[in-house]
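Trainee: Okay, predicted coordinates and the sequence, questions at the end:
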Amino acid sequence: VHVLESGGGVVQAGGSRRLSCTASGRTCSSFLMAWFRQGLGKEREIVAAIPWTGGDIYYADAVKGRFTISRENAKATVYLQMNSLKPADGGVYYCAARCYAGPLHYTRRRDYDYWGQGTQVNVTS
């Protein structure tokens, strides 16, 4: 399974940015998808997760009300719309996938089998 992110860049505090991620491969056709991020000198943390069915969506407390995760299964693509960005939101954003067609989300790094290489988001104050 190949996971590829795009959309990173530099944005001013208070601004918006949308990240995209596609997952492809023959191993499975249904994916649980998530976004993680890692700030400089920090642990990688989950930002949001969305099941294949799109039902049980998870958001980290730090991004609730500002970020929105969504997906288009026909395109095997997941998005992360980030609004009202803060400098603390800066870091490398990673897309992760797990072969899973159920309705639940998972929040631990070890729950995900496939990872992208990450896309850098810098938020300037």
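Mentor: It's in. Numbering: from 1, shown residues only.

Trainee: Need the outlier residue of this structure, farthest from its centre.
Mentor: Taking CA atoms, centre = their mean, the residue of the chain most remote from its mean C-alpha position is S125, at 23.0 Å.

Trainee: Provide a list of residues in contact with that one.
Mentor: S125 is in contact with 13, 87, counting by CB atoms under 8 Å, 6 or more residues apart in numbering. (C-beta placed from N, C-alpha, C; glycine too.)

Trainee: Quick check: nearest residue in space to the spatially most central residue of the chain, chain neighbours excluded?
Mentor: By CA atoms, centre = their mean, the chain has its centre lying nearest to W35, at 2.0 Å. Nearest non-adjacent residue to W35, counting by CB to CB, 6 or more residues apart in numbering: V47, 4.4 Å away.

Trainee: thinking the one you found is in contact with F67, fair?
Mentor: Yes: counting by CB atoms under 8 Å, F67 is a contact partner of V47 at 6.6 Å.

Trainee: can you tell me the helix or strand for the residue nearest to W35?
Mentor: Per DSSP states H and E: V47 is located in strand 45-50.

Trainee: Let me see the residues that make contact with that strand.
Mentor: By CB under 8 Å, 6+ apart, the residues outside strand 45-50 that reach it are 32-38, 57-60, 63, 67, 69-71, 78, 80, 93, 105-109.

Trainee: Mind doing that once more with 7 Å?
Mentor: 32-37, 57-60, 63, 67, 69, 71, 78, 80, 105-107 (CB atoms under 7 Å, 6 or more residues apart in numbering).

Trainee: Pull out the buried residues from that strand.
Mentor: The neighbour-count check on strand 45-50 (16 or more other CB atoms under 10 Å) flags 46-50 as buried.

Trainee: Counting neighbours, which of the contacts of strand 45-50 end up buried?
Mentor: Looks like the contacts of strand 45-50 have 32-37, 58-60, 63, 67, 69, 71, 78, 80, 105-106 buried, using 16+ other CB under 10 Å.

Trainee: and the closest residue to G7 other than its chain neighbours, what is it in contact with?
Mentor: Spatial nearest neighbour of G7, excluding adjacent residues (CB to CB, 6+ apart): L19 at 4.0 Å. By CB under 7 Å, 6+ apart, the contact set of L19 is 5, 7-8, 35, 79-80, 93, 119.
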